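Asker: this is the structure alone, sequence omitted:
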C-alpha cells in the first residue's frame, strides 16, 4: 500500500511539473515560419511522406479524406500523428511516398485551448513579422477583430497561409487549399 501511495505521489508531482512547464510556453511556441517555410515543431509544409515518417518515427497510415477535399486535390489523404503532447492532422494530395505535405492542423490542448483570439493574433504577428490578414466574405463580412477563425497570408515565396481557430487549433496550409 505504501508503494502505491509513493507511486501516486511521484506521478502527481511529475504531472504538476509538466503543467507548470507548459504555463511558461506560449500557445504558438512550436510554430516555425522562416526562410519561406512554414511548419510546426520540426514538420514543414512541403516535406515528403517519407521525410515526415522519418521525423515522427512512425509509418503514416493514410486515410482518404473523401468529399470536397479529395475532389480539390488539397488534403485528399489525411493522417493523425502526435508530436510532443499535441495531436496533429496532416494532409497530403496522395498516398504515394513522394507526396508533399500540404496542411498541418494542430489540435490545441490544455492551456492553448484557453488562449483568447486576440492573444493568438498578437502572438502570430509577433512571431511572424509581415503576416497579413486575409479578409473573409460572408454575411455579414468579417473583419479581423470579429472573425471567429481569422486567416493570414504568411510572408515568403512558399504560398502558405494560417487559420487560427481559438479554443481549437491552428491550421497551416497552402493558400489555394483554404476553404
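Answerer: It's in. Every value quoted in this text rests on a predicted model; they were computed, and no experiment measured them.

Asker: mind listing the strands for this structure?
Answerer: Ranges of strands in the chain, per DSSP state E, are 31-34, 37-40, 43-44, 63-64, 77-83, 86-92, 103-107, 132-134, 151-153, 160-165, 169-174.

Asker: least reliable of those strands by average pLDDT, please.
Answerer: For these, mean pLDDT drops lowest on strand 63-64, to a mean of 89.

Asker: within its sheet, name the partner strands of it and how each one runs.
Answerer: strand 77-83 (antiparallel) (DSSP bridges).

Asker: buried ones in the partner strand?
Answerer: Buried residues in strand 77-83, defined by neighbour count with 16 or more other C-beta atoms under 10 Å: 77-79, 81, 83. Every C-beta, even on glycine, is put in place using the N, C-alpha and C of the backbone.

Asker: now do stretch 167-179
Answerer: Going by 16+ other C-beta under 10 Å, stretch 167-179 has these buried residues: 169-174, 177-178.

Asker: please tabulate these in a markdown table, including the columns distance to residue 47.
Answerer: Below are these laid out as a markdown table (distance: C-beta to C-beta, whole Å):
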| residue | distance to residue 47 |
| --- | --- |
| 169 | 20 |
| 170 | 17 |
| 171 | 17 |
| 172 | 12 |
| 173 | 14 |
| 174 | 13 |
| 177 | 16 |
| 178 | 20 |
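
Asker: which two in those are spaced the farthest apart?
Answerer: Distance extremes for the buried residues of stretch 167-179: the farthest pair is 169 and 174 at 17.4 Å, using C-beta to C-beta.

Asker: confirm for me that residue 117 is in contact with residue 166.
Answerer: Yes. Using C-beta atoms under 8 Å, residue 117 is in contact with residue 166, at 4.0 Å.

Asker: list the residues that contact both of these two?
Answerer: Shared contacts of residue 117 and residue 166, defined by C-beta atoms under 8 Å, 6 or more residues apart in numbering, comprise residue 148.

Asker: which residues touch the closest residue to residue 101 other than its chain neighbours?
Answerer: Closest residue to residue 101 apart from its sequence neighbours, by C-beta to C-beta, 6 or more residues apart in numbering: residue 47 at 4.8 Å. Contact analysis of residue 47 by C-beta under 8 Å, 6+ apart lists 39, 55, 100-101.
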